[in-house]
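Engineer: Sequence and predicted structure below; questions after.
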Amino acid sequence: MLKKCLAMLTFAAAGLSVAHGSIAAGSLVSKKTPEAVILERLQQARPEITFGQPRPSPIPGLYQVQVPGGPVLYVNETGDKFIAGEIFSIDADGFSRVEDPYILEERKRLLASVKADQSITFKPKGETKAVVYVFTDIDCGYCRLLHRQIHTYNDNGKEMPGYNDLGIEIRYLAYPRSGIPSQSADKLITAWCSKDPAKTLTSYKNQESVPIALCDSNPVAADFALGGEVGVNGTPALWFPDGKLLPGYLPPADLAKALGI
């Protein structure tokens, strides 16, 4: 899905250039806000792509536009050029990723709206020190690795504490990378529809055979849409309590350190 989205965006710059010849950019800038100009140019160039509302970015002169399920675009105010990627600050000690305060607040708002039955939860036996939502897919190697480390696991002959052992509660949200409908989506739906979702999900993660059993009352489509809204474009994706979204896998000890516990 991500490759498809990026492939679509590869041609977006060309589309914007073509659009430039058919739009009187000067008149647009004089009558419309930069946000309106940018959105109009993007939609005209690639009407099949859904674009979020443009907003000023941390870099003066650029506006950022979230592509649900894809990258953030940084677009100039005339809407004829963009950069797809992340912003980093240059500090004396090195580089650090810049997190947009608006996006963090929006993710925190969305996080608060997630219902209890929307996730499959693995809780620590003792004190819960932090809660992390994890967008997951059944057919994802690093998702399986993360799941094998929920509890104590063996690392080259050494017993290591898992996420739950370190006080981290893992709440899974469904994100079938192949989209809906797909075999991956059906497996996730089966897990959520089962009498014991945690057990069924674990069986799938262990690559055990589990018969597909679908039901209408499942949150997979809602989770998938939520993932696109907060900027997920691959799995696993870790959603922190402060709104940060980390693409990829972190070992238990590293995740505990990132959470400050």
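Structural biologist: Now that the structure is in, tell me what you want to look at. All values derive from a computational prediction rather than experimental measurement.

Engineer: Give me the residues contacting whatever helix or strand residue 135 lives in.
Structural biologist: Here residue 135, judged by DSSP states H and E, is contained in strand 130-136. Contacts of strand 130-136 from elsewhere in the structure, counted by Cβ atoms under 8 Å, 6 or more residues apart in numbering, are 111, 114, 119, 143, 146-147, 163, 167-175, 223, 227, 232, 235-241, 255-256, 259, 261. Backbone N, C-alpha and C define where each C-beta goes, glycine included.

Engineer: Buried members of those residues into PyMOL, please.
Structural biologist: Restricted to buried positions by 16 or more other Cβ atoms under 10 Å, the PyMOL selection for those reads:
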select buried, resi 111+114+119+143+146+147+163+167+168+169+170+171+172+173+174+175+223+227+232+235+236+237+238+239+240+255+256+259
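
Engineer: Now intersect the contacts of strand 130-136 with the strands, please.
Structural biologist: Those of the contacts of strand 130-136 mapping onto strands are 168-174, 237-239, per DSSP state E.

Engineer: Any chance of JSON lines for those residues, columns pLDDT and distance to residue 54?
Structural biologist: What follows is those, written out as JSON lines (pLDDT from 0 to 100; distance: Cβ to Cβ, whole Å):
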{"residue": "168", "pLDDT": "98", "distance to residue 54": "36"}
{"residue": "169", "pLDDT": "98", "distance to residue 54": "36"}
{"residue": "170", "pLDDT": "98", "distance to residue 54": "35"}
{"residue": "171", "pLDDT": "98", "distance to residue 54": "32"}
{"residue": "172", "pLDDT": "98", "distance to residue 54": "32"}
{"residue": "173", "pLDDT": "98", "distance to residue 54": "27"}
{"residue": "174", "pLDDT": "98", "distance to residue 54": "29"}
{"residue": "237", "pLDDT": "97", "distance to residue 54": "24"}
{"residue": "238", "pLDDT": "98", "distance to residue 54": "27"}
{"residue": "239", "pLDDT": "97", "distance to residue 54": "24"}
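
Engineer: quick one: which of these is nearest to residue 197?
Structural biologist: Proximity of the ones in strands among the contacts of strand 130-136 to residue 197 (Cβ to Cβ) peaks at residue 172, which lies at 8.9 Å.

Engineer: Can you name the residues that contact the closest residue to the closest one other than its chain neighbours?
Structural biologist: Spatially, and ignoring its direct neighbours in sequence, residue 172 is nearest to residue 120 (4.5 Å; Cβ to Cβ, 6 or more residues apart in numbering). By Cβ under 8 Å, 6+ apart, residue 120 lies in contact with 171-172, 191-192, 197-198, 201.

Engineer: Please determine how far residue 120 is located from residue 199.
Structural biologist: Distance check for residue 120 against residue 199: by Cβ to Cβ, to the nearest Å, it reads 10 Å.

Engineer: Tell me the buried residues in stretch 88-100?
Structural biologist: Buried residues in stretch 88-100, counted by 16+ other Cβ under 10 Å: 99-100.

Engineer: now it: how far from the chain's centre is it?
Structural biologist: Mean-position distance between stretch 88-100 and its chain equals 21 Å (Cα atoms, centre = their mean, to the nearest Å).

Engineer: In the stretch 51-200 of the chain, where is pLDDT below threshold?
Structural biologist: Along the stretch 51-200 of the chain, the model assigns pLDDT under 70 to no residue.

Engineer: Would you map the helices across it?
Structural biologist: Assignment of helices within the stretch 51-200 of the chain using DSSP state H, counting those that start in this stretch yields the ranges 101-112, 141-148, 183-193, 197-205.

Engineer: now those helices in a markdown table, with distance to residue 158?
Structural biologist: Converted to a markdown table, those look like this (distance: least, Cβ to Cβ, whole Å):
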| stretch | distance to residue 158 |
| --- | --- |
| helix 101-112 | 35 |
| helix 141-148 | 15 |
| helix 183-193 | 31 |
| helix 197-205 | 22 |
